[in-house]
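Asker: Here is a sequence with its predicted model. Questions after.
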Amino acid sequence: MNNAKMWLVVSPTVGVPLFLGAVAVGSFAVHLQVVKNTSWVSDFLQGVPMGTGDEMASAALLEEAALEAATVSYVTPAVDGLAVTVILPDGTQAEAILRMPETMPALQAGQLPPLITQ
């Protein structure tokens with residue numbers, strides 16, 4: 001023990017219970033703050049199913065914000081695919097070209113692509 005001489009000043013019958021009491025009070029204080037400052041702990045203790053509390057509310061807010069974030073004004077045919085014009089909330093416009101995915105001819109026939117070795 002590094003501080004063995006401490007027990008010459010403080011009796012172990014006083015020091016050990018005092019130390020364990022301080023640990024218990026600190027642990028209780030931390031757990032109390034966790035219960036007071038989070039919403040999911042109280043939901044868990046009441047038996048509320050997961051995903052029905054603040055997480056679902058925040059997901060709904062994110063979906064609502066995403067819907068208000070940008071609007072697609074029009075879609076026109078382009079040479080390579082479809083041209084989509086998006087109007088952002090600040091009024092700027094952006095254009096995106098959507099192309100059909102291309103597949104390799106070997107994959108269409110059900111064959112595996114060759115391995116590249118060097």
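Answerer: Sure, I can see it. Not measured: the values here are computed from a predicted model.

Asker: Would you mark the buried spots in the helix or strand containing Val23?
Answerer: Per DSSP states H and E, Val23 falls inside helix 12-37. By 16 or more other CB atoms under 10 Å, helix 12-37 has no buried positions at all. C-betas here are computed from N, CA, C, even on glycine.

Asker: after it comes which helix or strand?
Answerer: Where DSSP H and E defines the elements, the next helix or strand beyond helix 12-37 is helix 40-45.

Asker: any idea of the mean pLDDT for the helix holding Val23?
Answerer: Summarised as a single mean, pLDDT over helix 12-37 is 93.

Asker: Show me what that helix is packed up against.
Answerer: helix 40-45 (3 or more CB pairs under 8 Å, 6 or more residues apart in numbering; DSSP states H and E).

Asker: Could I get the buried residue list for the helix it packs on?
Answerer: Asp43.

Asker: so what does it touch, helix or strand wise?
Answerer: helix 12-37.

Asker: Recalculate using a threshold of 6 Å.
Answerer: The contact analysis (3 or more CB pairs under 6 Å, 6 or more residues apart in numbering; DSSP states H and E) places helix 40-45 against no helix or strand.

Asker: Let me know the average pLDDT across that helix.
Answerer: 79.

Asker: Stretch 83-98 too?
Answerer: 78.

Asker: Could you list the buried residues of it?
Answerer: Val84.

Asker: distance between the ends of it?
Answerer: Using CA to CA, to the nearest Å, the end-to-end distance of stretch 83-98 comes out at 6 Å.

Asker: Next: stretch 82-101.
Answerer: Criterion CA to CA; first-to-last residue distance in stretch 82-101 is 13 Å.

Asker: count of neighbours near Glu63?
Answerer: Neighbours of Glu63 under the rule other CB atoms under 10 Å: 10.
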